[in-house]
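Colleague: Would you be able to build a 3D model of this:
(one chain, ligands or ions: 1)
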Amino acid sequence: MLVLLNYLNGRLAPPLAGRYLDNIDPATGRVYGQIPDSGPEDIAAAVAAAEAALPAWAARPAEERGRLLEKIADLIDQNLEALALAECRDNGKPLALARSMDIPRAASNFRFFGTAAPHFATEAHVQPGLALNYTVRHPVGVVGCISPWNLPLYLFTWKIAPALAVGCCVVAKPSEVTPATAFLLSALCIEAGLPPGVLNIVHGTGPGCGQALVEHPAVKAISFTGGTATGRHLAATAAPLFKKLSLELGGKNPNIVFADCDLAAAVATSIRSSFANQGQICLCGSRLFIERPIYEAFKVEFLRQLKDQTIGDPLLPETKQGALVSEAHLHKVLAYIELAHKEGGTLLAGGHRATVPGRCAEGFFLEPTVFENLPPDCRTNQEEIFGPVVTLTPFDTEAEALAMANATDYGLSATVWTRDLARAHRLAPALHCGVVWVNTWLHRDLRTPFGGMKNSGVGREGGLEALRFFTEAQNICISLI
Ligand code: NDP
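Modeller: This is a model prediction of the structure:
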């Protein structure tokens, strides 16, 4: 039985109150480990360690901090297989996906921000003969990073790396549902020689220890990725304490396919953007709008390729669809499938819990599911399902597609498929979302701003945006007279 520990002041430590939670393998439905059920006392100890470490870490030259981050990146690369296996077991995602996407991206996060740190420059504003203004960016101080279960190490490190790069010290809480790779990261940070207290990882539930992190007066900023309802609660807690807040929240992303697109590319990528990671990526396109002349052709080919989405044991190389992350989440997604039926949707594929024989017989598997004939304003088309469930809807004009795409409370990302360059340029800025992909999906450049509009979030991550978030800008004005 794998028993995880917190990473506190440079050491692995049990939770102070000695309480643990079960960790479940979603592919088998069985408990395979225990994780600390930490409380406010563990958060207090972690914040104290971070405060003690802060002056020396912030004072270290950016190059030195960067070298340490790059060392952690190298260790992640060297431990790719162990980390990928841990992510697969904890989350239910195919091992091949963890190996090719999650873990390499975690290494890239550390490497990207490690090398960015020495290049982070500030502005000067000169008023000739009058004054010289220059900006100094100070690390915010001790910050909290809270991440979800869908891309566990990928998103955890996306927050931690820029914070450490600019000289902040971090108390981080991974999702209690997928804590394993954060635990393994602790050991790699110790091996890399990260000074004690610079990064502390506290395991436990949102209400049990996440809340204490958000409330702690010494924590100056919170970077959060998770659901919109949790984000709203966090914002209400943090706002009266005047903490900086970055919120990356849910999505209900449109995928707009025009008749002039490269149909083969649009279908193949739409299969991925609908069902990758069992549809549990905030950027998945769950509302497919298809221009009427190619609606039937798209549908036929989409359903044909769907048959190749082999559901199976996440450890097997041929598996494209692993398990959903938990039994509770499986039931939530099944309830949305029931709702789609009630709302009058026509089921085109899937719709049921899937059974995988052998060791995964009790796992939380679900068939990739496709509906059509649902109005754009029904709950199925408005609420984030966060599972392998998509709807197909035809449209006749560009204006109609745009209106339907924008008609949700979310605004995270959108995908547009067209060969018409003018249309792409016209449509992209009119979409109310933070990220627009044209003829591609999930193509990421870590320098670009990343985040959502409307109920999908506040603030941006990535590149300079992240480095700026974790710093306080101070203007210094020198008189030239
Ligand atoms: P949750 O909002 O349930 O949880 C996110 C994190 O917040 C977890 O670590 C959770 O802990 C913690 N948490 C819960 N309650 C509190 C609290 N009161 N105080 C502090 N922390 C708390 O999201 P999920 O884990 O279910 O993740 C799925 C959601 O994340 C989806 O809505 C998805 O769209 C969104 N997401 C957004 C992304 C983006 O970039 N915009 C990217 C990826 C996902 P615990 O789980 O241990 O209870």
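
Colleague: Tell me if V214 really is in a helix.
Modeller: Yes. Judged by DSSP: H, G, I helix; E, B strand; the rest coil, V214 forms part of a helix.

Colleague: Nearest spatial neighbour of it, chain-adjacent residues omitted?
Modeller: What sits nearest to V214 in space, not counting adjacent residues and going by C-beta to C-beta, 6 or more residues apart in numbering, is T237, at 5.0 Å. C-beta coordinates here come from the backbone N, C-alpha and C atoms, glycine included.

Colleague: What does the one you found show for phi and psi?
Modeller: Backbone dihedrals for T237, given as degrees, to the nearest 10, come out at phi -80, psi -40.

Colleague: That one: what's it in contact with?
Modeller: The contact partners of T237, by C-beta atoms under 8 Å, 6 or more residues apart in numbering, come to Q211, V214, E215.

Colleague: Against K173, how distant is it?
Modeller: Distance of T237 to K173, computed by C-beta to C-beta, to the nearest Å: 14 Å.

Colleague: now D74
Modeller: Distance of D74 to K173, computed by C-beta to C-beta: 25 Å.

Colleague: Among the contacts of T237, name the buried ones.
Modeller: Q211, V214 (16 or more other C-beta atoms under 10 Å).

Colleague: Now render the contacts of T237 as a markdown table, adding distance to A53.
Modeller: Listed next are the contacts of T237 as a markdown table, based on distance: C-beta to C-beta, whole Å:
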| residue | distance to A53 |
| --- | --- |
| Q211 | 23 |
| V214 | 21 |
| E215 | 21 |
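
Colleague: As a markdown table, the contacts of T237 with pLDDT and distance to the ligand would be great.
Modeller: Output for the contacts of T237, formatted as a markdown table (pLDDT from 0 to 100; distance: C-beta to the nearest ligand atom, whole Å):
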| residue | pLDDT | distance to the ligand |
| --- | --- | --- |
| Q211 | 98 | 4 |
| V214 | 98 | 5 |
| E215 | 98 | 9 |
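
Colleague: Pick out the residue of the stretch 251-400 of the chain closest to the ligand.
Modeller: C282 (3.2 Å; C-beta to the nearest ligand atom).

Colleague: Nearest residue to that residue in space, please, no chain neighbours.
Modeller: Per C-beta to C-beta, 6+ apart, closest to C282 is G251, 4.9 Å.

Colleague: how about the helices in the stretch 251-400 of the chain?
Modeller: Per DSSP state H, counting those that start in this stretch, the stretch 251-400 of the chain carries helices over the ranges 263-275, 292-306, 327-342, 379-382, 398-406.

Colleague: could you dump those to CSV with distance to the ligand, mean neighbour count and mean pLDDT?
Modeller: Converted to CSV, the helices of the stretch 251-400 of the chain look like this (distance: least, C-beta to the nearest ligand atom, whole Å; neighbours: other C-beta atoms under 10 Å; pLDDT from 0 to 100):
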stretch, distance to the ligand, mean neighbour count, mean pLDDT
helix 263-275, 14, 20, 98
helix 292-306, 23, 16, 98
helix 327-342, 8, 16, 98
helix 379-382, 14, 19, 98
helix 398-406, 17, 18, 98
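
Colleague: Dump those helices to TSV, plus distance to M453.
Modeller: Formatted as TSV, those follow (distance: least, C-beta to C-beta, whole Å):
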stretch	distance to M453
helix 263-275	19
helix 292-306	27
helix 327-342	24
helix 379-382	16
helix 398-406	10
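
Colleague: residue contacts, I222?
Modeller: V143, G144, C145, I146, L213, V214, L234, A238, K243, K244, L245, S246.

Colleague: quick check, nearest of those residues to P368?
Modeller: Nearest to P368 out of the contacts of I222 is I146 (C-beta to C-beta; 29.7 Å).

Colleague: Now do the contacts for that closest one.
Modeller: Taking C-beta under 8 Å, 6+ apart, we find I146 in contact with A172, K173, G206, G210, L213, V214, I222, S223, F224, T225, G226, L234.

Colleague: Cool, thanks, talk later.
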